[in-house]
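Visitor: please work out how this folds:
(one chain, ligands or ions: 1)
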Amino acid sequence: MDVIQVERVRKTFGDRDALAEVSFNIPKGEIFGFLGPSGAGKTTLIKILTAQLNPTSGQAKVFNQPAETMRQSAQKMRFGILTDNSGLYERLSVEENLELYRKLYDLPPSAVDQVLQFVNLSADRKKKANLLSKGMRQRVLLACAIIHEPELLFLDEPTSALDPVNAAHIYKGLRYLNERGTTIFITTHNMAEAELICNRVAILYQGRIQTIGSPKELKRQHRENVIQVDLINGEAHELPVDGVTADRIADWMKQGLIDRLETKEPSLGDIFIKMTGSELL
Ligand SMILES: Nc1ncnc2c1ncn2[C@@H]1O[C@H](COP(=O)(O)OP(=O)(O)OP(=O)(O)O)[C@@H](O)[C@H]1O
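Guide: You can find the predicted model right below:
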């Protein structure tokens, strides 16, 4: 079953297309990465899928219903969202903020303890929100988005303010949530992160999806047909994959001259740059 269906969605602001024509589906249980340079239209699509914006044309469905229905409170219970606009009550502590969500979703008191452990903030539960570091704030916001273990989770750059240790902690948590059934839609500029946690990614540029597939598939598709051979005398050869190369490699091998042999596979970052012409930050 598809949790998200996006069909020829276009969104125009004034005379500019934020989304030109976007179509894709996300099956239940997937971690889907929506990648693209700044201004590509990622947040705009999240807003459409969570009923904060209507598309100019095309159709977006969530849980098999038009995305506009995500405004309804019964549907709101089914998803969680973390974006730039997510906020905290600054004068309340971490746990008081989470208590508000716990009550909203009618969850048992243990939900707050559980989610605090999940985001590695149990020790900071009494801290007032206005005294939190950027990374801590990001983790509290994430906790608010997942306290009810939603069926679907939208994360707009969830680890941009996190150090590697806390980012790794969050990845582990997201995998755990995903194993328990949560479908995850995540935007990120961090290609290593996308490669690590996403089952599939789409690269968006100028409002259109340029390519879509699993990181492994995309790397295979964009693989250059060359073999890199480093010899022990320091020579480096980049050779086409053909019979002549096979014979040369066999000769070098017989003479014990090969130091390193590898096919040249692009990283997701290389593919992103190729598709968008953008440099990574
Ligand atoms: N409410 C709005 N009114 C006018 N233009 C908008 C509005 N919201 C977004 N845009 C424009 O639409 C385009 C896509 O913006 P969007 O925020 O979706 O990009 P993004 O891919 O999420 O970027 P980032 O990675 O920087 O968050 C941008 O050119 C942006 O300026």
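Visitor: just the strands in the protein please.
Guide: 2-13, 16-27, 31-35, 57-62, 65-66, 79-82, 152-156, 183-188, 200-205, 208-213, 226-231, 236-240, 258-263 (DSSP state E).
Visitor: just those strands: most buried one?
Guide: Among these, ranked by average contacts under mean count of other Cβ atoms under 10 Å, first place goes to strand 31-35 (a mean of 26). Bear in mind the C-beta positions are built from the backbone N, C-alpha and C, glycine included.
Visitor: that one pairs with which strands, and in what direction?
Guide: strand 183-188 (parallel), strand 200-205 (parallel) (DSSP bridges).
Visitor: that strand: how far from the chain's middle?
Guide: Mean-position distance between strand 31-35 and its chain equals 4 Å (Cα atoms, centre = their mean, to the nearest Å).
Visitor: distance of residue 19 from residue 182?
Guide: As defined by Cβ to Cβ, to the nearest Å, residue 19 lies at a distance of 25 Å from residue 182.
Visitor: ditto for residue 75
Guide: 15 Å.
Visitor: so for these two, which sits in the more crowded spot?
Guide: residue 182 (21 against 18; other Cβ atoms under 10 Å).
Visitor: name the nearest residue to the more buried one, sequence neighbours excluded.
Guide: Nearest non-adjacent residue to residue 182, counting by Cβ to Cβ, 6 or more residues apart in numbering: residue 153, 5.3 Å away.
Visitor: contacts only, for the one you found.
Guide: 79, 80, 81, 82, 145, 146, 174, 177, 182, 183, 184, 185 (Cβ atoms under 8 Å, 6 or more residues apart in numbering).
Visitor: go ahead and confirm the fifth one touches residue 155.
Guide: What that stands for is residue 145. Yes: counting by Cβ atoms under 8 Å, residue 145 touches residue 155, with 7.4 Å between them.
Visitor: what touches both of those two?
Guide: 81, 82.
Visitor: excluding its backbone neighbours, what's nearest residue 211?
Guide: With Cβ to Cβ, 6+ apart, the residue lying closest to residue 211 is residue 203, at 5.2 Å.
Visitor: partner residues bridging that neighbour?
Guide: residue 35, residue 211.
Visitor: and it, what does it touch?
Guide: Contact analysis of residue 203 by Cβ under 8 Å, 6+ apart lists 35, 36, 209, 210, 211, 212, 271, 272, 275, 276.
Visitor: now residue 151
Guide: Applying Cβ under 8 Å, 6+ apart, the residues contacting residue 151 are 3, 63, 78, 79, 181, 182, 183.
Visitor: sweet, I'm off.
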